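**Student:** Dropping the sequence and predicted coords here.
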Amino acid sequence: MIMLFNRSVSYLFITALCCALLSLLSVIIQFTWLVLSVFIFSLFTIFFSYRREYFDESNETVSTVPQPDVEQDELESKVQERTLELNIALQELEEANKELQEKNTLDELTGLYNRRHYDQKILAEYRRSRRNLTPLSLVVIDIDHFKRVNDNYGHLAGDACLVVIANCIKQCLRRSTDIGCRYGGEEFCLILPETDNKGALALAEELRESIEAYRANYNGIDISLTISCGLSTYLQQKHIQPEQLFAVADQALYQAKNNGRNQVQQQEITDINAD
């Protein structure tokens, strides 16, 4: 723009100079058609030169301004790039949360679910059982004479036995809906949705037999293990909550222990009066 202004000043100066010369010539000699033609030709030359320079400068200015379509394409490209980055970040955050949640719900030693997960799932499955009118079975498991194992072979041997029991539980739970949990210490729980007492009894017996036939090995020493199981099944009995379901299965477990261990006992849930 400054360059255009300088050129305009130069052209005006030339025009003024031409006018001054014409005035001087008109004093010295009379105005002739030749002088008038030269004057007019000079004006037209200056005018067209100025106009061409103006349009050239304008075209350069316009060419430097981005076109609307180009700006829109660049904006859309940046939005897509930021959206992709955001989706990747959200996916990484979701995976991190999932990993953290698994760590909070898994027992580190056995790889089964922990007590916290049991409390959440038993309530969820209880509500689903009531809503869908399907049976819900619970099996409570305890390792027989586990204190003897710790006393005779040490707590590390006891940990190895807990891992063996957990692996047998994982092998027996073939449905994705069945849940195995370490309830605490040497006690485990099986949550069996849509399973009646016969199905739960068959699974518990299979688990008991597999553990009885297995020999845990620790530092070259074979350790025999057996388990006792208590079983209860919820069939939409009135005034029954998950706590009562566990309490009944726990009573069946103590009955199995009192009857000599290494067996499965089941106990029916009776209605509890609201009063």
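**Tutor:** Done, it's in.
**Student:** can you list the domain ranges for the chain.
**Tutor:** Domain segmentation of the chain under automatic domain parsing yields 2-64, 106-266.
**Student:** mean confidence for the first one?
**Tutor:** Right, the one you point to is domain 2-64. Averaged across domain 2-64, pLDDT comes to 54.
**Student:** hang on, the earlier thing: packed most tightly, which of the domains of the chain would that be?
**Tutor:** domain 106-266 (a mean of 18; mean count of other C-beta atoms under 10 Å). In short, each C-beta sits where N, CA and C put it, glycine included.
**Student:** gap between the two ends of that domain?
**Tutor:** Its start and end residues considered, domain 106-266 measures 28 Å (C-alpha to C-alpha, to the nearest Å).
**Student:** Tell me how far that domain lies from the chain's centre.
**Tutor:** 31 Å (C-alpha atoms, centre = their mean, to the nearest Å).
**Student:** And the contacts of stretch 167-183?
**Tutor:** 107, 109-115, 117-118, 121, 125, 140-141, 162, 166, 188-195, 203, 206-207, 210-211, 214 (C-beta atoms under 8 Å, 6 or more residues apart in numbering).
**Student:** Name the nearest residue to Gln263, ignoring sequence neighbours.
**Tutor:** Leaving aside its chain neighbours, Gln263 sits nearest to Ala256 (5.0 Å; criterion: C-beta to C-beta, 6 or more residues apart in numbering).
**Student:** wait, doesn't that neighbour sit right on Asp250?
**Tutor:** No: using C-beta atoms under 8 Å, Ala256 is not in contact with Asp250; the gap is 10.7 Å.
**Student:** The residue positioned nearest the centre of the chain and Lys147: what is the separation?
**Tutor:** Nearest to the mean C-alpha position of the chain, counting by C-alpha atoms, centre = their mean, stands Glu94 at 1.8 Å. Counting by C-beta to C-beta, to the nearest Å, the gap from Glu94 to Lys147 is 44 Å.
**Student:** same question, Leu84
**Tutor:** Taken as C-beta to C-beta, the span from Leu84 to Lys147 is 58 Å.
**Student:** Output the below-cut-off pLDDT ranges for the stretch 151-275 of the chain.
**Tutor:** 271-275 (pLDDT under 70).
**Student:** show me where it has helices.
**Tutor:** 155-172, 197-213, 242-258 (DSSP state H, counting those that start in this stretch).
**Student:** Nearest to Asn219, out of these?
**Tutor:** helix 155-172 (7.6 Å; C-beta to C-beta).
**Student:** Tabulate the CA atom coordinates of the closest one in PDB.
**Tutor:** What follows is helix 155-172, C-alpha atoms only, in PDB (Å, rounded to 0.1, in the frame of the first residue of the first chain):
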ATOM      1  CA  HIS A 155       2.200 -70.200  55.500                       C
ATOM      2  CA  LEU A 156       3.900 -70.300  52.100                       C
ATOM      3  CA  ALA A 157       2.700 -73.800  51.700                       C
ATOM      4  CA  GLY A 158      -0.800 -72.700  52.800                       C
ATOM      5  CA  ASP A 159      -0.700 -70.000  50.100                       C
ATOM      6  CA  ALA A 160       0.200 -72.600  47.500                       C
ATOM      7  CA  CYS A 161      -2.800 -74.700  48.600                       C
ATOM      8  CA  LEU A 162      -5.100 -71.700  48.300                       C
ATOM      9  CA  VAL A 163      -3.900 -71.300  44.700                       C
ATOM     10  CA  VAL A 164      -4.600 -74.900  44.000                       C
ATOM     11  CA  ILE A 165      -8.200 -74.600  45.300                       C
ATOM     12  CA  ALA A 166      -8.700 -71.500  43.200                       C
ATOM     13  CA  ASN A 167      -7.500 -73.200  40.100                       C
ATOM     14  CA  CYS A 168      -9.900 -76.100  40.600                       C
ATOM     15  CA  ILE A 169     -12.800 -73.600  41.100                       C
ATOM     16  CA  LYS A 170     -11.900 -71.800  37.900                       C
ATOM     17  CA  GLN A 171     -12.000 -75.100  36.000                       C
ATOM     18  CA  CYS A 172     -15.400 -76.100  37.400                       C
END
